[in-house]
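> dropping a prediction and its sequence here:
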Amino acid sequence: MHDPIISIQGLNKTYEGGFQALKHVDLSIQRGEIFALLGPNGAGKTTLISLVCGLVNPTNGRITVDGFDNVKQYRQARERIGLVPQELTNEAFETVWNTVSFSRGLFGKPPNPAHIEKVLTSLALWDKRDNRLITLSGGMKRRVLIAKALSHEPRILFLDEPTAGVDVALRRDMWEVVRRLRDDGVTIILTTHYIEEAEEMADRIGVINGGEVVLVEEKTALMKKLGSKQLTLELHTPLSALPARLQVDTLTLSDDGRSLVYTYDGHQEEQGRGVSALLSVLNEEEILVKDVHTRQSSLEDIFVDLVKERS
Ligand SMILES: Nc1ncnc2c1ncn2[C@@H]1O[C@H](COP(=O)(O)OP(=O)(O)OP(=O)(O)O)[C@@H](O)[C@H]1O
């Protein structure tokens, strides 16, 4: 399955004043996936979205959207994209219906009340169609932003921090909305600071830091890594080397010879190569253990390590 709807090649962005916000980014977004872009403040997430949407010009590199070059064929590329920005709108006195219909017009699309009705219904805004934006709750206003972005029937939706600063219940609502859109065939790219959001929603996760994409992986593959645990055994007497029987990939001796680190998951235990097998070999080799502790890495650890490595 290799059918990218967005293809980014060798993308660099240096802002006026000389700050390099993106450094040689290569990235493909697959048709129909939910892709979560994770990164700390200032990593370059908004810059990357702005470039794909054609709001900011690249210094160099190339982006195609559904096969269209987003500079040379800007109009075709742009009309395939809906962008939900971070900020809430200012059209306080306009009604929901007018705001969303107007957005469609901006893309030069003829009016299509049936489509606007479908969008508003799917976002649970139909009852509020005649309300002015100022009368809506924060969560409803966010849904209006999504409705605006969907008004011209895009196949790709960018959500820039869709749940920043919203409460847990609203965040779950938003996740449900996004899943339904994906089920309708919309490709979704969302940026987030919340690891939990990426874990919950994404098919793939990309991590960006200091303008570089430092990791792109299937969420399930990342979760497998999450499933691995580390068992550290503090030794009674330091070892100068591991006995031959213990020389396996999953086991490492610390530089000072005082501890053994064993990385394992449920599979090894099932195959008889787990913790109990290790302990009996240690026993046979007369290696005495003083203390033990275990640790399970989370996506958060992986993320923090990656960000630390590069800074
Ligand atoms: N117009 C601009 N001119 C100069 N520098 C800019 C401009 N826009 C962004 N930057 C810088 O580029 C870097 C990346 O910014 P960007 O907004 O893309 O980060 P981000 O990952 O979206 O951050 P956040 O999570 O805080 O929204 C930052 O250091 C920012 O200060």
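Received the coordinates, thanks. This is a predicted model, so every value here is computed, not measured.
> any weak-confidence spans in the stretch 151-300 of the chain?
In the predicted model of the stretch 151-300 of the chain, residues 224-227, 266-272, 296-300 satisfy pLDDT under 70.
> phi, psi for residue 229 please.
According to degrees, to the nearest 10, the main-chain angles of residue 229 amount to phi -120, psi 160.
> that one: how many residues sit nearby?
Other residues near residue 229 come to 15 when the count uses other Cβ atoms under 10 Å. (Each C-beta comes from the backbone N, C-alpha and C, glycine too.)
> so it touches residue 274, yeah?
No - using Cβ atoms under 8 Å, residue 229 makes no contact with residue 274, being 10.6 Å away.
> tell me, what's touching the two both at once?
Shared contacts of residue 229 and residue 274, defined by Cβ atoms under 8 Å, 6 or more residues apart in numbering, comprise residue 264.
> helix or strand: which one has the nearest residue to residue 47 once chain neighbours are set aside?
The shortest distance from residue 47 to any non-neighbouring residue, by Cβ to Cβ, 6 or more residues apart in numbering, is to residue 21 (4.4 Å). For residue 21, the host element (DSSP states H and E) is strand 20-30.
> do the same with residue 154
Assigned by DSSP H and E, residue 154 belongs to no helix or strand.
> nearest residue to it other than its sequence neighbours?
Distances taken as Cβ to Cβ, 6+ apart place residue 82 nearest to residue 154, at 3.8 Å, with adjacent residues excluded.
> so the one you found is in which element?
strand 81-84.
> using PDB, list the CA coordinates for that strand.
Output in PDB follows, covering the C-alpha atoms of strand 81-84 (Å, rounded to 0.1, in the frame of the first residue of the first chain):
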ATOM      1  CA  ILE A  81      -7.100  20.700   1.600                       C
ATOM      2  CA  GLY A  82      -9.100  21.900   4.500                       C
ATOM      3  CA  LEU A  83      -7.200  23.700   7.300                       C
ATOM      4  CA  VAL A  84      -8.400  24.000  10.900                       C
END
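> mind listing the strands that strand pairs with, and their directions?
Next to strand 81-84 in the sheet, as set by DSSP bridges, lie strand 156-160 (parallel).
> so the strand it pairs with versus strand 20-30, what angle?
140 degrees (axes from the mean of the first three to the mean of the last three Cα atoms, to 10 degrees).
> centre of the chain versus strand 156-160, how much separation?
Relative to its chain's centre, strand 156-160 lies at 12 Å (Cα atoms, centre = their mean, to the nearest Å).
> what does stretch 36-53 give?
10 Å.
> for residue 21, see how far away the residue nearest to residue 154 is.
Distance, residue 82 to residue 21, using Cβ to Cβ, to the nearest Å: 23 Å.
> ok, now residue 241?
Here residue 241 is placed at a distance of 48 Å from residue 21 (Cβ to Cβ).
> what of residue 177?
With Cβ to Cβ as the criterion, residue 177 and residue 21 are 30 Å apart.
> same check, this time on residue 173
Distance of residue 173 to residue 21, given as Cβ to Cβ: 32 Å.
> re the thing from before, so between residue 241 and residue 21, which is more surrounded?
residue 21 (20 against 9).
> hang on, the earlier thing: quick check: bridge partners of the residue nearest to residue 154?
On the basis of DSSP bridges, residue 82 is bridged to residue 157.
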